[in-house]
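[1] One predicted model, sequence on top.
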Amino acid sequence: MVQQEYRFIRRKERLAVYPGSFDPVTNGHIDIIERSLKFIDKLIVSVTHHPTKKPLFSFKERMEMLQGVFRDRKEIVIEYFDGLLVDYLEKKGVFLVIRGLRAVSDFDYEFQMVLTNRRMLPRIETIFLTPKEEYLYLSSSAVKEIARLNGPVERFVPEIVAEKLREKHRS
Ligand code: PNS
């Protein structure tokens, strides 16, 4: 009886934001995105600046790569924001954040980010997901280094991204 009543309650869409520099998106990011969609309905992948990293790709290029990878996926939205993550979240009315946690080396930065953001916007909750073992040590920086030295980037990124990396280093 109780179960029957539940069927008529309209479930609200569960939304989350996955912020990052995605310079460029790697198979590790993709793994985190797919994992998050097991428990949320729609993911907003939000490209932004990392305060200390000089990007190889422009915002437009980073977004185009993500859009290419997730073409035809209605549950994945690609956006960009400038400024504080907390301001962006407040503007969107989304308070769930997804982040990937790989090795212990990520922990300090992530912990600081969560706690600082929470001081500014207490409603935020962050869910950390760990990628497949083979992506634990994969990073955009490592991929860029491999590309710069003409290594086999296609093992670590989708073909669209591998091609963009080759293009960058040809010019
Ligand atoms: O993929 P990254 O580079 O590890 O992502 C880090 C990022 C971009 C999510 C973080 O630097 C960020 O949220 N930048 C937006 C500016 C901001 O809110 N800074 C305060 C962090 S405590």
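    Cool, got the structure.
[2] And the strands in this protein?
    15-20, 42-47, 76-80, 96-100, 125-129 (DSSP state E).
[3] possible to save those as TSV with mean pLDDT?
    Formatted as TSV, the strands of the chain follow (pLDDT from 0 to 100):
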stretch	mean pLDDT
strand 15-20	98
strand 42-47	98
strand 76-80	97
strand 96-100	97
strand 125-129	97
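[4] The ligand: which of these is closest?
    strand 15-20 (3.2 Å; Cβ to the nearest ligand atom). Any C-beta I mention is one placed from the backbone N, CA and C, and that applies to glycine too.
[5] Was I right to think Val161 contacts Val69?
    Yes. Counting by Cβ atoms under 8 Å, Val161 touches Val69, with 7.3 Å between them.
[6] which residues do these two both contact?
    Val25 (Cβ atoms under 8 Å, 6 or more residues apart in numbering).
[7] higher neighbour count, the two?
    Val161 (28 against 22; other Cβ atoms under 10 Å).
[8] What's the separation between the more buried one and Ala142?
    To Ala142, Val161 is 13 Å away according to Cβ to Cβ, to the nearest Å.
[9] Alright, I will stop here.
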